[in-house]
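# Just to be clear, the model below is a prediction. Sequence and coordinates:
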Amino acid sequence: MSTLQTFRNAARTLAAAAAVAAAVLPTFASAGPTLDRIKERGVIKVGVGTTPGFFAPDSAGKWQGFFIDYGRALSIAVFGSPDKVEFTSSSPQQRLPALQAGEFDVLLSGVTVTITRAFKLGFHFGPTIFYDGQAILARKDLGVKSASELDGATIGVQSGTTGELNIADFFRKTGKAFSPVTIEDTSEFLAALESGRVDAITQDSSDLVGKLQQLKKPDDYVLLPERLSKEPLAPAIVAGDDRWLEIVNWTVYATIQAEEWGITSKNVDTFLTSQDPAIQRFLGVDPSLAQDIGLDPKWAYNIIKTVGNYGEIYERNLAPLGWERGYNQLWTKGGLLYAPPFR
Amino acid sequence: MRRRSGKTAVTFLPENVTDRAVRPQQRGPWAALVAWWGPRPFAQIAVLLGLAALLLWFGHNAAAALHRAGISPGFAFLGRTANFQIGEAPIAFQAGDTYLRAIAVGLLNTLKAALAGCLSATILGVALGVLSLTRSRFVRALVRSYIEVIRNTPLLLQLFFWIALAHALPGPRQAPAALGVVLSNRGIFVPALTAPEGWALPLAGVGLALISAILGNRILARSIGRGSALVWILAVLAAGSVAISSGVTLDLPHLQGFNIRGGASLSPEFAALVFGLTIKFAASIAEIVRAGILSVPQGQREAARALGLNEAQILRLVVLPQALRVIVPLITSNFLDLAKDSSLAVAIGFPDLVSILNTTANTTGQAIEAVFIMTVTFLAINLSVAALMNRYNTRVALRGQGRGAGR
Amino acid sequence: MIGFKFRSGDGLRADLRGLALSLAAVVLCLLVLRELADWLLVQATFAGDMATCRAAEGACWPFLVAKLRFILFAFYPTDQLWRPIAVIVGLLSLMGVSALPRFWGKGLLAGWGFGLAAAWGLMSGGVGLVPVSVNDWGGLPVTLLLWASCMGFAFPAAILLALARQSRMGGLRVLSVLYIEVMRATPMVAILYFAMLILPLGLPEGVIFDKITRAAIMTALFFTAYLAEVVRGGLQTIPPGQAEAAAALGIGYWRMVQLVILPQALQKVIPGLVNLAIGFLLATSLLAVIGVFDLLNAAKAATTDPLWLGFHDEAYLFVAAIYFALCFGGSRYSLWLERRLARG
């Protein structure tokens, strides 16, 4: 084969390779801020998990749950309709990298706000929508009343959560020993407790209450009083789109403020005639506020009308599983929920 | 690649097809390299460059993405403290040790599970393979249905089943104990030997007894033509008395606090994982063994029978050694698969390498490094197992050929 | 079929031993079957809700009835269910047709190409159909479609890779060996983590593939390495004389590969390919580990509904039965084929 021909072949191969490469490479989407991306796409991508009450598919294949309702509220705030939202389940290990990669516009999967996540991993957090704390669910037949009596116990931990670190910290602090069994799969996690493979399991208390309902004999277990950690669960977004952050913030605040005013999905229409100027601004009867912030005047009205206020969302999704409101109560009733003024 | 016209010289052929066509004219390292590199040198370089460019582009993007996320790539995190606890560690580990140590624990756990799995899968697989050739129709059908059920359902589901079974054992307080063995959902506990005054003296004693027994038997074999079990009994007695006199005691498992203490234990997760791997891979090993046995010509067995060997002897001395030649290369790839599949431990809570790297990636954000370590480690395990098995294979094959040539 | 049996000099003793073994086996079988029947039927609940099921010891059939739709199709819109059903039926019948040697040929390959494209089109919609986001796909169609698509990509790629590994071109050979060995040494879980965690990082900012596509890309690349080794086994059985004869006749390389080498080489390894394909179908269940709603993961998610909490045994057994039905059929077929090909 002559050298010239070899060169010609080489050039041809190279050109073909380049053509293939160009065809295979995915097309570029706009790399702009999150909100532009959402509007261009026409749908909000939300990362969720699978925990009963928070997010779980029903028999018809529709997502239901506390965080799911907030996803729908965001869809109303941006598009005026609760259906312009796409939920994707993501395991605890993958959700943060996936958010970083831009796979989701917002993570509503019960992410704990921590300083590392805010500084180092480059996330912004919306308002806390669920105040939680890590707790221990122990078998009653151990006869323990508090976590400090669990010296030498075997404790189930679910992998990929802050729980793994908190429980280790707790036992180091108290100078007690424990042996962990780290399990990824939720059903295996529960089976370990039920069978007595572990003496206790540790998780966010809200999660434990939900898990308690899945056990065959819920009365055989006791939730120990200690909270090993603070777990404020909040929506997380990637830093760099302030307007999107504000929409997330004020969507949450709207549900809290509505509960404070006693506005529910059922009675919201009666408030349209309210003489309170704050409520008039809130519901868009007086459109001045909405014009200032550039949202649809009816955005808060639509959210309350469709999804309901904080209390309704809580009652609908979490109360059936036996959750108490606890800290997740309005500040006026001794809880931590507090919305800044809508002005 | 474009299709070439019919007139062009034949290139890109399967090796054995074209070996004869290759005629290196000159000698020397450059010529050898050119001959090795083969036809269409520039096209090959273009392909390699294209791939390199693709990888570079990928790496560049990844670096940019990591920068945006504020993660500095590199392995510095290995020296940082890992604030989680590991349930099962062959070497001491506690929260506050380094990530490197945590990963080492994971690696040891993986090796432990893979080794135990390979060993027991081989034993069960060979037994089943032999059983699948017995005369009893029913036993054959039973072995067959075992193999079909196991091979046609996902391993992940099987592991879920085995861990559920392990959990179904009674708790430590109700666990049945017999002969010092406790079966509980906290693990399978067996009596273990402990040496409070150190292992040096007893081990030396046992070693000495072993060596003298082997030597003694050799001498016996030379003088009277066969070894004697008596030598071994004496050696065991001697070793036992040395061990007991140097402070070795039997540690029986017993209930203490919430848990069973003492003895040696297999955790339920480890037991379920090894059990699951054993059951799964024994099924495919049984198939291989069966094929291997069938590959030995019928005449050999008849000849052996004519020589007066009994069935067990025929199997052990005639059939299996020859069948091994067929079996070993196939079993090797089964071992490799088993080692890889031990990574499913992550689903049932055994802290293997993958599970620990998973936690590491999650707490440090160093996902690329974690997957890199995972890949390199498994590559190393695989290559060394493959190398070992290849050596064994050569030995088996050579021995067989040597015998054949001698005839 | 059984080549020989271990015969013993003492026939009576062997028979007794066989009888004892058989009896033990029968007793074992009966015990297992009784437990199973007890759970599945005797103690089971056939109507009611979560509370009635909880009160009973056995299996909860109403759970399966309520969740059948979700386990099989996950989030796919209920009014569009005919589409995934059509995909399942279409893919299964394509498999059925492919199983018969008399249909093997170019037409079948074209049929698979068309079938896969049609299946993806039908699932995603457009052209008069309501578009359904890949995000909402799940259950059995995803398991089957991912498996078939990955095989569809991996098969031609594996042939090229195997040819490269056998070629005289050193650079390509090294590349191919490196690729095959690294892929085969890596656990599939690690490959899937790569798809989830690293692949998105390597793409330019703003370019995003959904989870299923990413998993499919990496799974296909993974399968390719295994298939390539099987194909190579076939290539090695072709006597060199054939290629030389073809070259002497002036047949070009690719025509020779297509007309002479591949038909013979592939025929030799068909049983191996079928077994590998079964293994791959089971391996797709690992997608559950990274949260793709394949059959296994859909079953898992079905147990988190507050109305039907925690019926894991029922869900897992159900999908195990589906996997078994598919793979057992495949392995029976492989045996039949092996015998048929051996006959010539």
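On my side now, so go ahead. Numbers count the residues shown, from 1 in each chain, chains lettered A, B, ... in the order given.
# Point out where the stretch 201-344 of chain C drops to low pLDDT.
The stretch 201-344 of chain C contains residues with pLDDT under 70 at C:206, C:344.
# near chain A, which residues of it show up?
Within the stretch 201-344 of chain C, the residues that sit near chain A (CB under 8 Å from any CB of the partner chain) are C:201, C:203-211, C:289-291, C:293, C:300-310, C:312. Every residue, glycine included, has its C-beta placed from N, CA and C.
# Buried only: go through these for me.
The neighbour-count test (16 or more other CB atoms under 10 Å in any protein chain shown) marks C:201, C:203-204, C:207-211, C:289-291, C:293, C:300-306, C:308-310, C:312 as buried among those.
# Could you pull out the buried residues of the longest helix along chain C?
As assigned by DSSP state H, the longest helix anywhere in chain C is helix C:312-343. Buried residues in helix C:312-343, defined by neighbour count with 16+ other CB under 10 Å: C:312-320, C:322-324, C:326-331, C:333-334, C:337.
# what do you get for stretch B:91-101?
Under the neighbour-count criterion of 16+ other CB under 10 Å, stretch B:91-101 has B:Phe93, B:Ala95, B:Asp97, B:Tyr99, B:Arg101 buried.
# Okay, and which of those map to helices?
B:Tyr99, B:Arg101.
# What is the lowest-pLDDT residue among the buried residues of stretch B:91-101?
pLDDT across these is lowest for B:Ala95, at 78.
# So what does A:Ala60 have for phi and psi?
Dihedral pair for A:Ala60: phi -90, psi 0, per degrees, to the nearest 10.
# residues touching the closest residue in space to it that isn't next to it in sequence, list them.
The shortest distance from A:Ala60 to any non-neighbouring residue, by CB to CB, 6 or more residues apart in numbering or on different chains, is to C:Thr78 (5.6 Å). C:Thr78 makes contacts with A:Ala60, A:Gly61, C:Arg69, as judged by CB atoms under 8 Å, 6 or more residues apart in numbering or on different chains.
# any idea of the mean pLDDT in the host helix or strand of the last one?
Okay, so that is C:Arg69. Element membership of C:Arg69 [criterion: DSSP states H and E] is helix C:61-73. In this model, helix C:61-73 carries a mean pLDDT of 92.
# Please identify the helix or strand for B:Phe189.
Here B:Phe189 is assigned to strand B:187-190, by DSSP H and E.
# In chain B, spot the helix with the most residues.
helix B:367-406.
# State the mean pLDDT of that one.
On average, the pLDDT along helix B:367-406 is 73.
# Buried residues of that helix, list them for me.
Those would be B:367-375, B:377-378, B:381-382, B:385-386, B:389, B:393, B:396, for helix B:367-406 by 16+ other CB under 10 Å.
# and the nearest residue to B:Phe270 once chain neighbours are set aside, which of the three is it?
Nearest residue to B:Phe270, sequence neighbours excluded (CB to CB, 6+ apart): B:Phe350, at 5.7 Å. Using DSSP: H, G, I helix; E, B strand; the rest coil, the structure places B:Phe350 in coil.
# Helices of the stretch 201-344 of chain C, start to end?
C:211-235, C:240-248, C:253-256, C:262-283, C:295-302, C:312-343 (DSSP state H, counting those that start in this stretch).
# quick check, the third one touching chain B?
Yes: under the criterion of CB under 8 Å from any CB, helix C:253-256 makes contact with chain B via C:Tyr253, C:Trp254, C:Arg255, C:Met256.
# Would you mind checking which of these is nearest to C:Leu341?
C:Met256 (23.2 Å; CB to CB).
# so that closest one touches C:Ala245, yeah?
No: using CB atoms under 8 Å, C:Met256 makes no contact with C:Ala245, being 9.4 Å away.
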